[in-house]
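> how would this look folded up:
(chains A and B)
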Amino acid sequence: MPFHLRHTAENSDSERSQDLTQDEYLRGILGKHGNRILRLAYSYVHNMEDSEEILQDVLIKLISQAPAFASSEHEKAWILRVTANLSKNRIEYNKLRDTDELNEELVAEKKEDLSYIWEAVRSLPESYREVIHLFYEEGYQTEEIAAILNESGANIRTRLKRARKKLKEILREEYDFDE
Amino acid sequence: MSKYKNIMENIELTEEMRERVLKNVKARTNNESVSPTAEQQHAQTEKTSSRPSARTPVSLIPVRNAKRPALIGSLALAATALLIGGGIFFAWRNTHKTTVTNTSSVSPTSESIIAGGLITPDPSQTGVSGGIFTFSDISELNSSLGLTLSDLCCLPFTPTMKSYVTYDNFAEISYSTDSEECLWNINPIKEEIYALAENFTSSRTLKTDDGVTVELFGPDENSMQTAIFTDGTSYHAIRFLNTVDDSVFLSLVKEILSFT
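As a prediction, the model looks like this:
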């Protein structure tokens, strides 16, 4: 039983136990998908504060819509889709902070090669970045990405191909992105 | 492993962030009263849309970022408007000889369960303000609120899911498919209806044949997604997830005005 509604004041014992149940449910989701949501959000918005707020919004959607999942893959795909949409909304309304903690961390850790690649990925259009993320980070095939992003498989394949070509141009074959 | 994966490994949900997120989510769900029961969770079928709702989140979010004083100000104004609005809406309901119907006294139909619209009100919030009430169809919503609305039939898609909800000052009717959604909000308070369109950067005005002014809102001049107008008593917002033609908005406005 994932969670319950809030409760009356006179039912404080029940309240505590039911709140705990909801808390446990959300902790389970964060354990399974927390990094996944944060990383996909970051791939769109490029800063941690916005990514964290998107993570919160995804959990709110999960609670308010209470979708019934047929499988863990279905749950994962739903969560990625919602994360992508919330991230795009945030970009659309131009609410983003102008920081990039990931790049700062890569530089601080002297991972210049990764920083260089991240900068290259960042410079891609959003429609390329989302395909790159779902393909390389989540390991989805193009048809699966198409289902998540509600687009055609052919469109996704084209974008992936162009994104890789563009990355190769930017990186001047100095680094092999696929390694 | 790709270089990209190596990069992404640097982004991790920390324990501190996890606790902060859970705390904020709990605060938000408590404020919004949107938490469904476990029974709902089980009652919903696979027909539940996997697409996120286009609804604007209720602005009761504790803002963590001190960089947004304007947003904080907006929230304070919204809270004030809600307090005032509660009173006005109470009067509005009385005018319509209404009785707020608790979901527990409404037998949900299978349709309402499939639609995912069954939101049981918090037992501590069965008053006028703060409760969420779901109805199985529009006639039930009408009889509860004393309205004379009908389901919209000029939609540019055939809805597979419908829901009828009232919360705070709003009545919200939702028509959706897996990829389309139209939300129809009715509210006696102008500011609360216009708040639904505040995120859009473009707007323009249309007139119906009868001279009713319809304001359209969207992300740009050629992509209108929301229409707002008044029937003289209440304000209405028609919100689409996707861009629709002006003619669709005009047809819907005309249809809605015929109900009132």
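> how far away is the nearest residue to A:Ser123 once chain neighbours are set aside from A:Leu124?
Among residues not flanking A:Ser123 along the chain, A:Ile170 sits closest, at 6.5 Å (C-beta to C-beta, 6 or more residues apart in numbering or on different chains). For every residue, glycine as well, the C-beta is placed using N, CA and C. Distance check for A:Ile170 against A:Leu124: by C-beta to C-beta, to the nearest Å, it reads 8 Å.
> same question, A:Ala108
Here A:Ala108 is placed at a distance of 24 Å from A:Leu124 (C-beta to C-beta).
> Which of those two has more residues huddled nearby?
A:Leu124 (18 against 10; other C-beta atoms under 10 Å in any protein chain shown).
> And B:Glu221, how far from B:Pro156?
B:Glu221 sits 20 Å away from B:Pro156, going by C-beta to C-beta.
> of the two, who's got more company?
For B:Glu221 and B:Pro156, the more surrounded residue by other C-beta under 10 Å is B:Pro156, and the numbers stand at 14 against 11.
> pretty sure that one contacts B:Val244?
Yes. B:Pro156 is in contact with B:Val244 according to C-beta atoms under 8 Å; the separation is 5.7 Å.
> show me where pLDDT drops low in the chain?
Unless you meant another one, I'm taking chain A. A:1-20, A:94-95, A:173-179 (pLDDT under 70).
> Hmm, no, I was thinking of chain B.
Scanning chain B residue by residue, the ranges that satisfy pLDDT under 70 are B:1, B:31-132, B:167-169.
> And the strands in it?
Along chain B, the stretches classed as strands by DSSP state E are B:132-135, B:161-167, B:170-176, B:181-187, B:202-207, B:213-218, B:226-230, B:235-240.
> Please work out how many residues are found near B:Thr135.
No, residue B:135 isn't Thr; it's Phe. Using other C-beta under 10 Å, the number of residues around B:Phe135 comes to 26.
> do the same with the one 3 residues further on
Neighbour count of B:Ile138, defined by other C-beta under 10 Å: 18.
> next one: A:Gln22
When neighbours are defined as other C-beta under 10 Å, A:Gln22 has 22 of them.
> And for the one 5 residues further on?
Per other C-beta under 10 Å, the neighbour tally for A:Arg27 reads 15.
> Go through the helix or strand harbouring it and flag the buried ones.
Of the helices and strands defined by DSSP states H and E, A:Arg27 is found in helix A:12-45. Using 16 or more other C-beta atoms under 10 Å in any protein chain shown as the burial criterion, the residues of helix A:12-45 that qualify are A:18-19, A:22, A:25-26, A:29-30, A:33-45.
> Can you name the next helix or strand after it?
Following helix A:12-45 in sequence order, the next helix or strand is helix A:48-65 (DSSP H and E).
> ok, and what's touching the next helix or strand after that next one?
In the C-terminal direction, the helix or strand that comes right after helix A:48-65 (DSSP H and E) is helix A:72-92. By C-beta atoms under 8 Å, 6 or more residues apart in numbering or on different chains, the residues outside helix A:72-92 that reach it are A:29, A:32-33, A:36-37, A:40-41, A:43-45, A:50, A:53-55, A:57-58, A:61-62, A:67, A:69, A:96, A:126, A:130, A:134, A:138, A:144, A:147-150, B:50-52, B:219.
> and those, which are buried?
When the contacts of helix A:72-92 are checked for burial by 16+ other C-beta under 10 Å, the buried set is A:29, A:33, A:36-37, A:40-41, A:43-45, A:50, A:53-55, A:57-58, A:61-62, A:67, A:130, A:134, A:138, A:144, A:147-149, B:50-52, B:219.
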